[in-house]
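Student: coords below, sequence missing:
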Ligand SMILES: O=C(O)CCC(=O)N[C@@H](CCC(=O)O)C(=O)O
Ligand SMILES: [Zn+2]
């Protein structure tokens, strides 16, 4: 594809500051393409969407997304550093990488979303008859299309990865954790757990059903090894202790700049695995939790203890140790207000 030369090009080439360019263009950006001195092709597809294609043969197609929720700034800062070091050629890629800042306008207003939670609109849920469109619905469709196109242009035998980087609203007993999307019976991969451990993530939740999230979409539709990765607690820009993300940053650098990466040998004892026990949706205006806002993710409840109240329905822990993940009483009606999890072991469904 040939593009004209947009006015931002020289600035982008010299600074690599694609984040500021994205934030200055909340809804669209003129596309462009250029080649770095080291031979890597750079394509700006739209605002918040930049692709890198090294000159040499690659064996991995990697999507790194952040800002699917605009107030989750640490992952945005990690991706900003990576993009700057690639464009300014301090970092040379060995793999194809697509970086996505999910929701630029929500970054600017410092909120999880503008009209609607972008991470509830994937896998086609952006387009539903009778439901009016909005910028987040348009964006979800665009992101699906860009990911489809990115994977379609990869080598046929390349491995596909998508790490959708987030931070959680609450603190978490296990500070970093990943959500492994439902695989419809396919086995979970030890090699992915080894990668996550190298990122500093030793806790993984296994989903038991289809979802409308970005990571489920790329797993289900594109067969990618795909995760939502929660790297810590939400903080405004400038308040993140970036040293807490160093293992993640270094592991991502190795993933994109090396042909092969060796991880620590798999040992089940290195991990805390959980399976989702149930999902509790908010169905009534009158929805509440009996615990405070500073009660952390992974807090366990005793059997019979109240976990949530939805109108007249009381949800009590059904098993000892049933633990809370992502409690949020402010979600839209019909959406997930709480996940509960129970511990699980590495079993025969791991390869
Ligand atoms: O801390 C919270 O309440 C939400 C953090 C967050 O954004 N989590 C993702 C998880 C997505 C998944 O289930 O894979 C979300 O809620 O979209
Ligand atoms: Zn998030």
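Tutor: Cool, the structure landed. Quick caveat: nothing in here was measured; it's all calculated off a predicted structure. Ligands and ions are numbered 1, 2, ... in the order given.

Student: report the beta-bridge partners for the closest residue to residue 63 other than its chain neighbours.
Tutor: Once flanking residues are discounted, residue 63 sits nearest to residue 162: 4.1 Å by C-beta to C-beta, 6 or more residues apart in numbering. Quick note: C-beta positions are derived from backbone N, CA and C, even for glycine. Per DSSP bridges, the residues bridged to residue 162 are residue 63, residue 226.

Student: tell me, how many residues neighbour residue 162?
Tutor: 26 (other C-beta atoms under 10 Å).

Student: mind checking pLDDT for the closest residue to residue 40 other than its chain neighbours?
Tutor: The spatial neighbour of residue 40 that comes closest, neighbours along the chain excluded (C-beta to C-beta, 6+ apart), is residue 54 at 5.1 Å. Residue 54 carries a pLDDT value of 98.

Student: ligand 1 versus the closest residue to residue 304 other than its chain neighbours, what's the distance?
Tutor: Closest residue to residue 304 apart from its sequence neighbours, by C-beta to C-beta, 6+ apart: residue 316 at 5.4 Å. For residue 316, the distance to ligand 1 (C-beta to the nearest ligand atom, to the nearest Å) stands at 21 Å.

Student: do residue 234 as well
Tutor: Residue 234 is 7 Å from ligand 1, by C-beta to the nearest ligand atom.

Student: and that residue, what does it touch?
Tutor: Applying C-beta atoms under 8 Å, 6 or more residues apart in numbering, one finds that residue 234 lies in contact with 71-73, 167-169.

Student: between those, which sits nearest residue 321?
Tutor: residue 168 (20.0 Å; C-beta to C-beta).

Student: ok, the closest one - contacts?
Tutor: Counted by C-beta under 8 Å, 6+ apart, residue 168 has contacts 230, 232-234, 297, 326.

Student: now do residue 25
Tutor: By C-beta under 8 Å, 6+ apart, residue 25 lies in contact with 47, 104.

Student: can you pull the phi and psi angles for residue 343?
Tutor: Here is the backbone geometry of residue 343 (degrees, to the nearest 10): phi -60, psi 150.

Student: tell me what residue 43 is bridged to.
Tutor: In beta-bridge terms (that is, DSSP bridges), residue 43 pairs with residue 33, residue 51.

Student: that one: how many residues sit nearby?
Tutor: What residue 43 shows, counting by other C-beta under 10 Å, is a neighbour count of 17.

Student: how about the residue nearest to residue 304, what does it touch?
Tutor: Contacts of residue 316 by C-beta under 8 Å, 6+ apart are 303-307.

Student: same deal with residue 83?
Tutor: With C-beta under 8 Å, 6+ apart, residue 83 has these contacts: 16, 18-19, 50, 99.

Student: and it, how far is that from residue 60?
Tutor: To residue 60, residue 83 is 18 Å away according to C-beta to C-beta, to the nearest Å.

Student: likewise for residue 277?
Tutor: Applying C-beta to C-beta to residue 277 and residue 60 gives a distance of 34 Å.
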